[in-house]
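Student: fold the following.
(one chain, ligands or ions: 2)
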Amino acid sequence: MEEKEKVIIFDTTLRDGEQAPGASLTSEQKLEVAYQLQKLGVDVIEAGFPIASPDDFRGVNLVAKNIKKSIICGLARCLKEDIQAVYKATKPAKLARIHIFLATSKIHLKYKFRKAEDEILSIAKKATRFARNLFEDIEFSPEDATRTERDFLYKIIETVIKEGAKTINIPDTVGYSYPQEIFSLIEDILNNVPNIKKAVISIHCHDDLGLSVANSLSAILAGARQVHCTVNGIGERAGNASLEEIVMILKTRKDVFKPFFTQINTKELLRTSRLVSALTGFVVPPNKAIVGANAFRHESGIHQDAILKKRITYEIIDPKEVGASQTQLVLGKHSGRHALAKRLRDLGFKLEEKKINTIFRKFKELADKKKEIFDDDLLALVEEEIRQKKKKWELVSVRIVTGTDITPLAIVKIKHKKDVYQAKSQGDGPVDACFKAIDKITKVKPKLLNYKLEAITRGKDAQGLVRLEIKLRNKVFSGIGASTDILEASVKAYLDAVNKAF
Ligand code: KIV
Ligand code: ZN
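Tutor: Numbering: from 1, shown residues only. Ligands and ions are numbered 1, 2, ... in the order given. Here you go, the predicted model:
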């Protein structure tokens, strides 16, 4: 019998995932995601890049203080101050890891660093040695490994293992590689780095050519035993390899990936995906594998008929395995605090009493306007509450005068701490008028990059959910707002994005 081999799931949703433009999370939101990742069973949580900003540091530190089952990892360049920042941020963690990276490809050496290979080798060596004084668990990434000269790659891997690196991560930083190439690369590393057996080989793939999952699986087949991935595949540019896809492929295609297993509780996959989508504002496309709304929907009559006869005719995964199709408890006006708290827990939230009380109050207000409250309605309420801490500007009221034959006029009142400000403005439409009135108060003029309105649930009384992105000082910020009134939802979303910029 073949020996069982564990594939370590290294989740980088809170680091590489959060690097996606507009996906930024507050420390509290990071912690919510981390709780759910722990419940999902991920082995390593890369919680951020502590030196990058005080906010990043706080996020990693908060996760390190509260998450006890997963290893908490922080990213660092090969610089003492980066390594020390990871040390301080992850100090409260029960299990801490540092992830050090340094670019090794000729392109990066020539254009980014203007340094020769031996200088890079010495920097990597010194940084790993320094980190060794502070960490037992060191992971090293030769950035842009897939475009690095092989002999240099072997040399740098050998060096950092000698200095104490326990995991060697191979990043396909620009998503350039393809499965056969990745297979040979991992095989070659195994055959040419003399001390490679002292480390675990990891793979980190980006999706620029849509091959990140295929490449990650190829690496596993060749000998990698850790995979970097993100929930919903979010990440820099086209994103990272999707956690849910990798895990479900390993589980579903046992014929190919026979000895491999992960310790992921797949029943938590859908819940995790929804939480990450709600908090980052990144919509999961309906046709997304495993977690898309249509992933288990059958439209054609022939398919429906066959499924009723035997599910496996058209379904390769039982939806229950990923946590789909569990009865969705619908709440309403008469539901109590207890039922709401239970549903929130089931949705993956670990909220303090105070927050549950506020959400309950908002839930009751919503239930007065809307007969049935679905999970998505709750997610919108929770999300608003979790964002609360960062609110600099808060909506007080909005009034619109509009019609088919007049230029819309908006009168907006917003609050900053205890002060209430009012402004009015005309605009191309009622939404534009509202945003212009807000700009007059906040004294910033963001560029609206996109605006999307959708109904959260079905029915005439459905809440409108607005997702938008603005650009301010060359940075992109996303915002979300929900309300049964679409103008109120728009203003909330705009303020949510503006608040992130302050
Ligand atoms: O894509 C990449 O190379 C990275 C490194 C920091 C590992 O994210
Ligand atoms: Zn990356």
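Student: which positions in the stretch 101-250 of the chain make contact with ligand 1?
Tutor: Residues of the stretch 101-250 of the chain lying close to ligand 1 by Cβ under 6 Å from any ligand atom are F101, S141, E143, P171, T173, H204, H206. C-beta: built from backbone N, CA, C; applies to glycine.
Student: among these, who's most crowded?
Tutor: When neighbours are counted by other Cβ atoms under 10 Å, H204 leads these with 30 neighbours.
Student: can I take it that that one is in a strand?
Tutor: Yes: counting by DSSP: H, G, I helix; E, B strand; the rest coil, H204 is located in a strand.
Student: report the beta-bridge partner residues of it.
Tutor: Beta-bridge pairing of H204 under DSSP bridges involves P171, H228.
Student: circling back: how about the residues of the stretch 101-250 of the chain next to ligand 1 in JSON lines, adding pLDDT?
Tutor: Shown next, in JSON lines, are those (pLDDT from 0 to 100):
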{"residue": "F101", "pLDDT": "98"}
{"residue": "S141", "pLDDT": "98"}
{"residue": "E143", "pLDDT": "98"}
{"residue": "P171", "pLDDT": "98"}
{"residue": "T173", "pLDDT": "98"}
{"residue": "H204", "pLDDT": "98"}
{"residue": "H206", "pLDDT": "98"}
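Student: now, among these, which is nearest to D346?
Tutor: H204 (32.5 Å; Cβ to Cβ).
Student: surely the closest one meets E139?
Tutor: No: judged on Cβ atoms under 8 Å, H204 makes no contact with E139 at a distance of 10.1 Å.
Student: overlap in contacts, these two.
Tutor: N169 (Cβ atoms under 8 Å, 6 or more residues apart in numbering).
Student: so what pLDDT did the closest residue to ligand 1 within the stretch 351-500 of the chain get?
Tutor: The stretch 351-500 of the chain approaches ligand 1 most closely through V476 (18.9 Å), counting by Cβ to the nearest ligand atom. pLDDT recorded at V476 is 84.
Student: work out for me the element it sits within.
Tutor: strand 475-483 (DSSP states H and E).
Student: break this protein down into its structural domains.
Tutor: 5-280, 296-326, 327-385, 394-501 (automatic domain parsing).
Student: adding distance to N287, write those domains out as CSV.
Tutor: Shown next, in CSV, are these (distance: least, Cβ to Cβ, whole Å):
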stretch, distance to N287
domain 5-280, 13
domain 296-326, 10
domain 327-385, 18
domain 394-501, 16
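Student: just name the most buried of those domains.
Tutor: Using mean count of other Cβ atoms under 10 Å, the stretch among those with the largest mean neighbour count is domain 5-280, at a mean of 21.
Student: that one: end-to-end distance?
Tutor: 33 Å (Cα to Cα, to the nearest Å).
Student: that older thread, next one: the residue of the stretch 351-500 of the chain closest to ligand 1 from K115, what distance?
Tutor: Relative to K115, V476 is positioned 31 Å away (Cβ to Cβ, to the nearest Å).
Student: and if you look at I373?
Tutor: From I373 to K115 the distance is 58 Å (Cβ to Cβ).
Student: could you do K106 as well?
Tutor: From K106 across to K115, the span is 11 Å (Cβ to Cβ).
Student: how about the strands of the stretch 151-300 of the chain, start to end?
Tutor: Per DSSP state E, counting those that start in this stretch, the stretch 151-300 of the chain carries strands over the ranges 167-172, 200-205, 226-229, 260-261.
Student: how about the stretch 401-502 of the chain?
Tutor: Ranges of strands in the stretch 401-502 of the chain, per DSSP E, counting those that start in this stretch, are 409-416, 419-426, 447-455, 464-472, 475-483.
Student: now swap in the stretch 1-150 of the chain and tell me
Tutor: Applying DSSP E, counting those that start in this stretch to the stretch 1-150 of the chain gives strands spanning 5-6, 8-11, 44-48, 71-77, 96-103, 138-143.
Student: okay, those strands in TSV with distance to A324 next?
Tutor: Converted to TSV, those look like this (distance: least, Cβ to Cβ, whole Å):
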stretch	distance to A324
strand 5-6	26
strand 8-11	20
strand 44-48	24
strand 71-77	29
strand 96-103	32
strand 138-143	33
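Student: residues in contact with whichever residue of the stretch 251-400 of the chain sits closest to ligand 1?
Tutor: Nearest residue of the stretch 251-400 of the chain to ligand 1 (Cβ to the nearest ligand atom) works out as T280 at 17.2 Å. Residues near T280 by Cβ under 8 Å, 6+ apart: G17, E18, A20, G22, A23, L25, I234, S478.
Student: where does the stretch 251-400 of the chain dip in pLDDT?
Tutor: Along the stretch 251-400 of the chain, the parts satisfying pLDDT under 70 run over 325-330, 387-390.
Student: again, only this time at 50
Tutor: Residues of the stretch 251-400 of the chain that meet the criterion pLDDT under 50 lie in 327.
Student: what about the helices in it?
Tutor: Counting by DSSP state H, counting those that start in this stretch, residue ranges of the helices within the stretch 251-400 of the chain are 269-280, 301-309, 337-346, 353-369, 375-387.
Student: can I get these in JSON lines including distance to H228?
Tutor: Converted to JSON lines, the helices of the stretch 251-400 of the chain look like this (distance: least, Cβ to Cβ, whole Å):
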{"stretch": "helix 269-280", "distance to H228": "16"}
{"stretch": "helix 301-309", "distance to H228": "35"}
{"stretch": "helix 337-346", "distance to H228": "29"}
{"stretch": "helix 353-369", "distance to H228": "32"}
{"stretch": "helix 375-387", "distance to H228": "26"}
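Student: for R132, find the nearest of these.
Tutor: helix 269-280 (33.6 Å).
Student: and the angle from the closest one to helix 337-346?
Tutor: 100 degrees (axes from the mean of the first three to the mean of the last three Cα atoms, to 10 degrees).
Student: now do stretch 117-125: everything it contacts.
Tutor: 78, 100, 102-104, 109, 113, 115, 140, 142, 152, 155-156, 159-160, 163.
Student: which residues sit in contact with the spatially closest residue to Y421 that is not a sequence neighbour?
Tutor: Nearest residue to Y421, sequence neighbours excluded (Cβ to Cβ, 6 or more residues apart in numbering): I441, at 4.5 Å. Neighbouring residues of I441 by Cβ under 8 Å, 6+ apart: W393, V412, I414, Y421, Q422, A423.
Student: leaving aside the residues adjacent along the chain, what's closest to the last one?
Tutor: Looking back up the chat, that one is A423. Per Cβ to Cβ, 6+ apart, closest to A423 is K440, 4.0 Å.
Student: pLDDT value on that neighbour, please?
Tutor: pLDDT at K440 comes out at 97.
Student: how far away is it from S490?
Tutor: To S490, K440 is 16 Å away according to Cβ to Cβ.
Student: of the strands of the stretch 1-150 of the chain, which is nearest A433?
Tutor: Nearest of the strands of the stretch 1-150 of the chain to A433, taken as Cβ to Cβ: strand 44-48 at 38.5 Å.
Student: and the closest one, what does it pack against?
Tutor: Judged by 3 or more Cβ pairs under 8 Å, 6 or more residues apart in numbering; DSSP states H and E, strand 44-48 is in contact with strand 8-11, helix 27-40, helix 54-66, strand 71-77, helix 80-90.
Student: now tabulate the ones you listed in TSV and tack on mean pLDDT and distance to L472.
Tutor: Output for the helices and strands packed on strand 44-48, formatted as TSV (pLDDT from 0 to 100; distance: least, Cβ to Cβ, whole Å):
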stretch	mean pLDDT	distance to L472
strand 8-11	98	30
helix 27-40	94	20
helix 54-66	97	16
strand 71-77	98	26
helix 80-90	98	27
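Student: list the contacts for F101?
Tutor: F101 makes contacts with L75, A76, R77, C78, F140, S141, P142, E143, P171, as judged by Cβ under 8 Å, 6+ apart.
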